[in-house]
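> How does the following fold in three dimensions:
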Amino acid sequence: MSESIKAGVLGATGAVGQRFIQALENHPWFEVTSLAASERSAGKTYGKAANWRLESNIPDNVRDMEVVPVDPKKVDADVVFSALPSDYAKTVEAEFAKEGFAVASNASAFRTAEDVPLVVPEVNADHLGLIDVQQDNRGWDGYIVTNPNCSTIIMVPTLKPLMQFGLEAVQVATMQAVSGAGYNGVSSMAILDNIVPYIGGEEEKMETEPLKLLGEFDGSEITFADIDISASCNRVPVMDGHTESIWAKMADKPSPEQVKEAFLNFKPDLGDLPTEPEEVIIVREEADRPQPRLDRNMGNGMSVSVGRIREGIRYTAMGHNTIRGAAGASVLNAELLHKMGKL
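Purely as a prediction, here's the structure:
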């Protein structure tokens with residue numbers, strides 16, 4: 001991997017765009033060569049255009065980089081990481097793919113498209129075979145690969161090892177961090193001293209995306225998993241880290257100890273990718289873990305922590321929603337694409 005791959009970030013000034021820049025700083029394979037954002041940011045240096053809100057400083061390699069318009073003719077890159085709003089991404093990402101870019105998207109615009117891979121590398125790397133189908137169908141030189149919703153991506157790695165027990169039904173109640181809505185997404189007056197028991201579109205995503213992720217790819221299409229999923233999503237006054245209470249019904253009725261062993265033994269081999277966590281699932285033995293403040297940064301924010309595995313089967317899962325659930329997921333997808341020779 002001696003030659004760097006040129007990478008661009010679309011929607012670079014937003015919350016997820018900033019996480020992309022953080023994830024790509026000093027990356028061994030990808031070099032940030034383009035930052036694209038809205039017209040009001042284009043033409044400015046990134047340091048002036050971005051209202052940087054992460055705990056680290058703006059990386060020196062992008063501080064003085066000029067922001068360009070979100071236009072494939074203006075972006076100098078081989079792969080672009082999309083942090084665009086979904087309604088905008090529907091048009092723009094297709095334009096980039098048509099022009100030959102590999103698009104690793106965090107947006108929801110193409111997740112449900114039949115010929116677009118929706119991928120969590122540890123769960124369904126083989127679904128990347130849809131890229132060839134997509135290019136044939138659409139006549140694109142490039143392609144789009146998506147990662148799932150931030151709450152879905154925390155739950156699905158824990159469901160994958162349960163498939164061996166005949167997973168039939170899942171119920172999940174989420175407690176989702178405010179960062180999932182963006183900096184201006186939830187006002188302080190709405191969330192402080194409060195819980196908001198509704199997140200627009202979230203429950204529908206949690207009930208449908210896992211069926212595609214856990215489905216089987218036959219070389220031309222995906223047969224969705226036959227699992228009944230019911231979700232109830234809540235916004236809570238936590239900065240980062242989505243917590244989920246999960247109930248799983250399985251035909252084989254495994255014991256809590258069997259489920260724990262399945263989690264501990266879930267160690268997919270992706271080939272030592274830079275963003276890949278050492279442990280996909282971390283099992284906490286403490287009665288009161290996982291907790292967002294204590295566990296969200298495990299595995300550099302890419303691990304999912306589980307605990308309270310009880311008869312039923314019931315357990316708690318928690319992960320970092322803007323790293324594992326957003327930017328880090330797209331970067332991991334792109335690393336796998338490179339490993340496969342797709343970049």
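> And the strands in the stretch 51-200 of the chain, which stretches?
67-69, 79-82, 102-105, 143-146, 167-176 (DSSP state E, counting those that start in this stretch).
> most tightly surrounded among those strands?
strand 79-82 (a mean of 29; mean count of other Cβ atoms under 10 Å). All C-beta spots, glycine's among them, are computed from the backbone N, C-alpha and C.
> Against which helices or strands is it packed?
strand 5-10, strand 30-37, helix 86-98, strand 102-105, helix 328-339 (3 or more Cβ pairs under 8 Å, 6 or more residues apart in numbering; DSSP states H and E).
> Out of those, which is the most enclosed?
strand 102-105 (a mean of 28).
> and it, how far out from the chain's middle?
12 Å (Cα atoms, centre = their mean, to the nearest Å).
> now that strand: mean pLDDT?
Averaging pLDDT along strand 102-105 yields 98.
> Give me the residues contacting that strand.
78-82, 84, 89, 93, 96-97, 142-147, 330-331, 333-334, 337, 342-343 (Cβ atoms under 8 Å, 6 or more residues apart in numbering).
> same deal with stretch 288-303?
Here stretch 288-303 makes contact (Cβ under 8 Å, 6+ apart) with 177, 238-243, 275-282, 284, 305-307, 316-320, 323-324, 328, 332.
> how long is it end to end?
18 Å (Cα to Cα, to the nearest Å).
> Nearest to residue 157 among the helices and strands packed on strand 79-82 would be which one?
helix 328-339 (10.7 Å; Cβ to Cβ).
> Please enumerate the helices of this structure.
Under the criterion DSSP state H, the chain contains helices at 15-24, 46-49, 60-63, 86-98, 121-124, 130-138, 150-159, 188-191, 202-213, 256-264, 292-295, 328-339.
> Could you save those helices as JSON lines and add columns showing mean pLDDT?
As requested, the helices of the chain are arranged in JSON lines below (pLDDT from 0 to 100):
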{"stretch": "helix 15-24", "mean pLDDT": "95"}
{"stretch": "helix 46-49", "mean pLDDT": "95"}
{"stretch": "helix 60-63", "mean pLDDT": "94"}
{"stretch": "helix 86-98", "mean pLDDT": "96"}
{"stretch": "helix 121-124", "mean pLDDT": "98"}
{"stretch": "helix 130-138", "mean pLDDT": "97"}
{"stretch": "helix 150-159", "mean pLDDT": "98"}
{"stretch": "helix 188-191", "mean pLDDT": "96"}
{"stretch": "helix 202-213", "mean pLDDT": "98"}
{"stretch": "helix 256-264", "mean pLDDT": "98"}
{"stretch": "helix 292-295", "mean pLDDT": "98"}
{"stretch": "helix 328-339", "mean pLDDT": "97"}
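> of all the ones you listed, which lies closest to residue 71?
helix 86-98 (8.1 Å).
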